[in-house]
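K.L.:
Quick one: sequence plus predicted model below, questions after.
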Number of protein chains: 2
Amino acid sequence: MIGALALAFADILQRDAQAKAPEPGPAASAITLIGHVPGLSIERLRRALSLSHSGTVRLVDRLVADGLAARFSAPDDHRAVALRLTPLGETTCSAILSARQTGLASALAILTSEELQEFGNLAAKLLRGLVSTEDHAYRICRLCNYTACLDCPVEAELA
Amino acid sequence: MIGALALAFADILQRDAQAKAPEPGPAASAITLIGHVPGLSIERLRRALSLSHSGTVRLVDRLVADGLAARFSAPDDHRAVALRLTPLGETTCSAILSARQTGLASALAILTSEELQEFGNLAAKLLRGLVSTEDHAYRICRLCNYTACLDCPVEAELA
DNA sequence: ATTATTATATGCTTAGAGCATACAAAATCG
DNA sequence: CGATTTTGTATGCTCTAAGCATATAATAAT
């Protein structure tokens, strides 16, 4: 039953996010991740998306071709690519995050504020128990609105 | 944050389920759905999986080729296909459900029994608010272990 | 300095998804 | 009751996005 709820919520997030993305699949997550971590490398992006390396390179190729992201050379490591969103990419990122937020909020609207509070507390505890590595944190938070998520339990757990 | 938890849980479910399925993607859900609703038609399966019609037909083709499912003629509608699991399919279905259950349980193990109880209550309330149609119920419960889920809130909401 | 590892890129192949089309059974409507 | 529409499946075709194998450059390790 808890599993069913997780699938239902994940469906909502994916649907709303993908609707604003240039293509289905992990593109929406890639955009929001790059948006949150400017200078992100392809390898870290790959781990967050659980894709193959070539799949990630091609995904980035498409984002660049769509004018949403750009490759720069990472200052500290001349092998790595530093990914950044273009202004158009920033706009898309915001659209994804707000669509995601709207869908989630309407699903949660049935709870009273006390229940929502309690649900959030339990969710935070579960999240802290789940997160192990930094890569995993990026994966879990791949569609998060970081600016809206103060006191992120994932961040707290890693620190 | 609640969204992040949903994605994390959905990841666990998908990963554990797919590990026991013959292929990645919606195959695991298809198997458990047919297992729970013997005689399910391709069209209903299609709606539960949110696939195109041809995609669903090909998926069923593969399940049949793998010896996991079989097509029968639906007694009440001679156009429709009645899908059933083979004995091998039943075995696979059980493996998927128990893998799913194990992963979910270990993620929830951090909660006390009171917290788990409370979390379940809130999840049930949210689920009841989310489910609209029977197709949607099938979709949400696509990886559910129906025999383990007594007092299913989704079922209750539809009745 | 040599070797191993890490980060990226690309050629190649392929699995799985959608669209368009075709056909049969059922439902609807005149 | 016959004609039309809708519904459920099947299949040919195309294509996108994914993986594997391989290559190259930069860094790390020995």
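P.N.:
Looks like it came in fine.
K.L.:
CA only for contacts and neighbour counts going forward, please
P.N.:
Will do.
K.L.:
what does stretch A:151-159 rub up against?
P.N.:
A:124, A:125, A:127, A:128, A:131, A:132, A:133, A:134, A:137, B:1 (C-alpha atoms under 8 Å, 6 or more residues apart in numbering or on different chains).
K.L.:
got the residues of chain A near DNA strand D?
P.N.:
A:23-26, A:50-56, A:59, A:76-79 (C-alpha under 7 Å from any atom of the strand).
K.L.:
Switch the contacts of stretch A:151-159 over to a markdown table; also include secondary structure and distance to residue B:69.
P.N.:
Formatted as a markdown table, the contacts of stretch A:151-159 follow (DSSP: H, G, I helix; E, B strand; the rest coil; distance: C-alpha to C-alpha, whole Å):
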| residue | secondary structure | distance to residue B:69 |
| --- | --- | --- |
| A:124 | helix | 41 |
| A:125 | helix | 41 |
| A:127 | helix | 37 |
| A:128 | helix | 40 |
| A:131 | coil | 37 |
| A:132 | coil | 38 |
| A:133 | coil | 39 |
| A:134 | helix | 41 |
| A:137 | helix | 38 |
| B:1 | coil | 39 |
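K.L.:
coming back round to it: tell me which two in the residues of chain A next to DNA strand D are the farthest apart.
P.N.:
Greatest spacing in these, by C-alpha to C-alpha: A:24 and A:76 (32.8 Å).
K.L.:
ok, these two, which is more surrounded?
P.N.:
When residue A:24 and residue A:76 are compared for neighbours, residue A:24 comes out ahead with 13 against 8, by other C-alpha atoms under 10 Å in any protein chain shown.
K.L.:
In contact with the more buried one, which residues?
P.N.:
residue A:18.
K.L.:
Kindly indicate whether the residue nearest the centre of chain A is helix, strand or coil.
P.N.:
Centroid-nearest residue in chain A, with C-alpha atoms, centre = their mean: residue A:142, separated by 2.0 Å. Assigned by DSSP: H, G, I helix; E, B strand; the rest coil, the conformation of residue A:142 is coil.
K.L.:
For chain A, list the residues in contact with DNA strand C, please.
P.N.:
Taking C-alpha under 7 Å from any atom of the strand, the part of chain A that reaches DNA strand C is made up of A:41-44, A:53-54, A:57-58, A:71, A:79-82.
K.L.:
Sitting in strands, which of the residues you listed do you find?
P.N.:
Among the residues of chain A next to DNA strand C, the residues falling in strands (DSSP state E) are A:71, A:81, A:82.
K.L.:
Can you list the residue ranges for strands in chain A?
P.N.:
A:69-73, A:81-85.
K.L.:
Deepest-packed of the ones you listed, please.
P.N.:
strand A:81-85 (a mean of 23; mean count of other C-alpha atoms under 10 Å in any protein chain shown).
K.L.:
Grab the nearest non-local neighbour of residue A:39.
P.N.:
Counting by C-alpha to C-alpha, 6 or more residues apart in numbering or on different chains, residue A:82 is the residue found nearest to residue A:39 once chain neighbours are left out, at 4.1 Å.
K.L.:
Kind regards, and thank you for your time.
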